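Peer 1: here is the input, now give the coordinates:
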Amino acid sequence: MPKLEILPQRMPQGIADGIGRGVGRLGITPNMISLLGLAGNIGAAVLVAREELLWAGIVFLFFSALDMVDGAVARATNTASPFGAVFDAVLDRIGEAAVLTGMAWYFADRGEQVQAAVTYAALLGSVAVSYMRARAEVMGLSMREGLFRRQERVALVGLGLLFNGLTVVAWLLAILANLTALQRFWMTLKGVKA
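Peer 2: Here you go, the predicted model:
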């Protein structure tokens, strides 16, 4: 199956290495960066719920970008570990879920129940995409492919916050995240049967 990816998985190696070395020299650990990213995403979720969408978008995109930095620091400081990878992945899922919950709260507070329900469907799809990857990897399959992975979801939500387009974003995210989960499910089934 051809790879269908919209955004790259990682920043270019030379840039990542330079950032990783620079941040590593400051004594900041990859796990500290992961925790900071989670705190920022929770802050963005609160801003969304308070209807401060522009600030929420800025905070969300900035702190979500730290997800590219923690791995670079781990590699540059030779501190990459299985625990760190799991820790980072779990915190990323919690941060994403917090922002989507903030969106659902935003819609519910405005009496927009359909949009709130669609946002919960988006949350389900986002969790399912990550879960399908985890299950595939437990079975020894690599599963980084997918049409709408985390980086695409973050970009879409960030743009929706910045440009006050959360209704469109909720619908797109609900559809595309769930389709990606089904895509990964199909790819996993094919991989298991191969």
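Peer 1: quickly note the distance from Val73 to Glu51.
Peer 2: Here the criterion is Cβ to Cβ, to the nearest Å. By it, Val73 lies 35 Å from Glu51. All C-beta atoms are positioned from the backbone trio N, CA, C, and that covers glycine.
Peer 1: so for these two, which sits in the more crowded spot?
Peer 2: Higher neighbour count among Val73 and Glu51: Val73, with 28 against 11, using other Cβ atoms under 10 Å.
Peer 1: tell me where the model's unsure across the chain.
Peer 2: Within the chain, the segments meeting pLDDT under 70 span 1-12, 194.
Peer 1: buried residues in the strand or helix carrying Asp70, which are they?
Peer 2: Assigned by DSSP states H and E, Asp70 falls within helix 53-76. Counting neighbours by 16 or more other Cβ atoms under 10 Å, one finds that the buried residues in helix 53-76 are 53, 56-61, 63-64, 66-76.
Peer 1: with stretch 88-100 instead?
Peer 2: Buried-residue list, stretch 88-100, by 16+ other Cβ under 10 Å: 88-89, 91-93, 95-96, 98-100.
Peer 1: one step back: mind exporting the helix holding Asp70 as CSV, just the C-alpha atoms?
Peer 2: Provided in CSV are the C-alpha atoms of helix 53-76 (Å, rounded to 0.1, in the frame of the first residue of the first chain):
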residue,chain,number,x,y,z
LEU,A,53,-9.3,30.6,20.7
LEU,A,54,-6.5,32.7,19.2
TRP,A,55,-4.4,32.4,22.3
ALA,A,56,-5.3,28.7,22.6
GLY,A,57,-4.1,28.1,19.0
ILE,A,58,-0.8,29.9,19.7
VAL,A,59,-0.2,28.0,22.9
PHE,A,60,-1.3,24.6,21.4
LEU,A,61,0.9,24.9,18.4
PHE,A,62,3.9,26.1,20.4
PHE,A,63,3.7,23.4,23.0
SER,A,64,2.8,20.7,20.5
ALA,A,65,6.0,21.6,18.6
LEU,A,66,8.0,20.5,21.6
ASP,A,67,7.1,17.0,20.7
MET,A,68,9.7,17.2,17.9
VAL,A,69,12.3,18.5,20.4
ASP,A,70,12.2,15.9,23.1
GLY,A,71,13.2,13.1,20.8
ALA,A,72,16.0,15.2,19.3
VAL,A,73,17.3,16.0,22.8
ALA,A,74,17.1,12.3,23.8
ARG,A,75,19.2,11.3,20.7
ALA,A,76,21.7,14.2,21.1
